[in-house]
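Novice: Below are the sequence and a predicted model; questions follow.
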Amino acid sequence: PVYGSNSIIKFADDTTVIGLISDNDETSYRAEVQHLVAWCADNNLLLNSSKTKELIIDFRREKGRTYDPIHINGMAVERVSSFKFLETHISEDLCWTTNTSSLVKKAHQCLCYLNKLNKNHLSSTILLNYYHSILTNCITVWYGNCSVAARKALQREGKTAQRIIGTPLPAIEDIQKKRCIRKGRELADVMERRKVDILCVQETRWKGSKARSIGAGFKLFYYGVDSKRNGVGVVLKEEFVRNVLEVKRVSDRVMSLKLEIEGVMLNVVSGYAPQVGCELEEKERFWSELDEVMESIPTGERVVIGADFNGHVGEGNTGDEEVMAKFGVKERNLEGQMVVDFAKRMDMGVVNTYFQKREEHRVTYKSGGRSTQVDYILCRRGNLKEISDCKVVVGESVARQHRMVVCRMTLMVCKKKRSEIEKKTKWWKLKKEECCEEFRQKLRQALAGQVVLPDDWETTAEVIRETGRKVLGVSSGRRKEDKETWWWNEEVQDSIQRKRLAKKKWDMDRTEENRQEYKELQHRVKREVSKAKQKAYDELYTRLDTREGEKDLYRLARQRDRDGKDVQQVRVIKDRDGRVLTSEESVQRRWKEYFEELMNEENEREKRVEGVNSVEQKVDKIRKG
């Protein structure tokens, strides 16, 4: 595109021009269209004006003036309320009802072909893949904004197809969730490779207020009210999960976690500010919620905010030297000024701007021809000295438009003695006949050469344990494999690695060839993940018929229950004034004070009213006459 506010999407012979109109200024958008018309004429191409459509998406409450249609070769382009793009129906209100209803109709029509294929004795796998592709086409785009009635209609069609195929079809909602989980596992891989301990995520679009494991020992705490929009979360490394003291889910735009790390209190806040086109009331609500969270945190505790503020603080810091440095991107806008004002109110610093980097390592959002900085990390000004670096990670493909912002923070803590990892003997190997027989022989030999007194059970037990360690071996004591991400094999990791390199190549040289290579690898990764998951679950279903399979199922259920809890272990309490006590001695002292007050205080008792019931008095009066 010629102008940064526009984007051009090309697919085969279809071309789409997307223009962002700010302050009712259409100049760059109309100039972009005319530039495309001129380019086609110079290359002996002719745009078909009758097939060209224009769609305006405007969510403002006050629409303002009406826009004149654009003209191509003297002919006005038809303005429509919806159109079909790459088999997906897009409407002006971005509601996917048209797409879903057409999808239901298409799925119903295909039941006839499904019956014919079934009569020709095609395998259930082929039939399943055929119908699965129809129901789930672009599901990650339209499902989140789909009505309940439309979802039920799709599910009914799926059940009808299920009866024809004779193989269970997964629920439409489960398919969408699994694709989100796949992204979660890829995110965990990025964090593990980049050595990121804590990560704030936005636009999760997961409904609910829960926590779940996403693989490699990482745990996601998330909150979302609607699966259509918003949603925030915080991902923690395994060693920090047990340090969580409190989780505050304020709204689907703000949440916070309080951690105790070796006696130091660290508050992590994840935020997602409303976009530029949202109502002012919604923006004020977000900043009010963020203010309340900050005011509830004691002054002596550390705070780190990782948020998509959807604003540009800009390059330079004239007049704002106390809260930011000069290494921003481009010019400041109204939303960026709100970020700076918030930093001044809370005495915080915008960490991104304090480190001089190439512009490529400062840009956090890149889409089409636009490169901006909208994602920021903030901390208290007094703790800026603890941050040694902050930059944008380039080349990761886990997010298509946003880039990960990483900062290195060093906390000055009192190191505590860690508990030693317990290595357990693999007694479960005795279920195998060959291991059991070898253990018997070795144990007889060990007991035969050992002088054991009749009542010396301790010596006998030690001989048994030592023999078990030698014959059966011991566990490493490391973290067990995640039961829900066991499909994450070498083939999947290799595919994602190739996709990541292709994304990095496309970022450096944005040619059509590199883009097509990246898109092709994206589809390949999806296929590899689907095959790996299907294979893993097939093996699980096969094992369910055995006793060991039942145990695996119970283990999986226990793990889900354990991962869903925010705080796994309560290790700290608050004193009389609400301050958090972290040391073991202070916690014990506080419990002692509490029970002394509870058991030794004299409770107020109600005085017993001496007197005779009024009924008894009347009876006595009658008796006496």
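Specialist: Received it, and whenever you're ready, just let me know what you need.

Novice: Helices of the stretch 151-300 of the chain, start to end?
Specialist: 172-194, 238-241, 280-295 (DSSP state H, counting those that start in this stretch).

Novice: Tell me how far the second one lies from the chain's centre.
Specialist: If I follow you right, that is helix 238-241. Relative to the chain's own centre, helix 238-241 is displaced by 17 Å; criterion: Cα atoms, centre = their mean, to the nearest Å.

Novice: on contacts alone, who are the packing partners of it?
Specialist: strand 218-224 (3 or more Cβ pairs under 8 Å, 6 or more residues apart in numbering; DSSP states H and E). Using the backbone N, CA and C atoms, a C-beta is placed for each residue, glycine as well.

Novice: who does the strand it packs on pair up with?
Specialist: Using DSSP bridges, the strands paired with strand 218-224 are strand 208-215 (antiparallel), strand 232-236 (antiparallel).

Novice: Buried ones in the longest one, by neighbour count?
Specialist: Neighbour-count burial for strand 208-215, with 16 or more other Cβ atoms under 10 Å as criterion, is recorded at 210, 211, 212, 213, 214, 215.

Novice: isn't the fifth one right up against residue 233?
Specialist: No: taking Cβ atoms under 8 Å as the definition, residue 214 is not a contact partner of residue 233, at 9.9 Å.

Novice: quick one: residue 128 from residue 534, how far?
Specialist: 10 Å (Cβ to Cβ, to the nearest Å).

Novice: Equivalent analysis for residue 129, please.
Specialist: For residue 129 relative to residue 534 (Cβ to Cβ), the value is 10 Å.

Novice: Same question for residue 269.
Specialist: Distance of residue 269 to residue 534, given as Cβ to Cβ: 39 Å.

Novice: More neighbours: the two, which one.
Specialist: Using other Cβ atoms under 10 Å as the criterion, residue 269 and residue 534 rank with residue 269 on top: 23 against 13.

Novice: That one pairs with what?
Specialist: Counting by DSSP bridges, the residues bridging with residue 269 are residue 256, residue 305.

Novice: go on, residue 224?
Specialist: residue 208.

Novice: Return the per-residue confidence for it.
Specialist: With respect to pLDDT, residue 224 scores 86.

Novice: do residue 592 as well
Specialist: 84.

Novice: how many neighbours does it have?
Specialist: Neighbour tally, residue 592, other Cβ under 10 Å: 10.

Novice: In what element of secondary structure is it found?
Specialist: helix 584-600 (DSSP states H and E).

Novice: If you count contacts, what does that helix end up packed against?
Specialist: Secondary elements touching helix 584-600 (3+ Cβ pairs under 8 Å, 6+ apart): strand 573-574.

Novice: which strands and helices sit next to the strand it packs on?
Specialist: Going by 3+ Cβ pairs under 8 Å, 6+ apart, strand 573-574 lies up against strand 580-581, helix 584-600.

Novice: and the helix holding residue 592, which residues are buried?
Specialist: Buried-residue list, helix 584-600, by 16+ other Cβ under 10 Å: 587, 590.

Novice: got a list of contacts for that helix?
Specialist: 571, 572, 573, 575, 581 (Cβ atoms under 8 Å, 6 or more residues apart in numbering).

Novice: doesn't residue 260 make contact with the last one?
Specialist: No: with contact taken as Cβ under 8 Å, residue 581 and residue 260 are classed as non-touching, separated by 10.0 Å.
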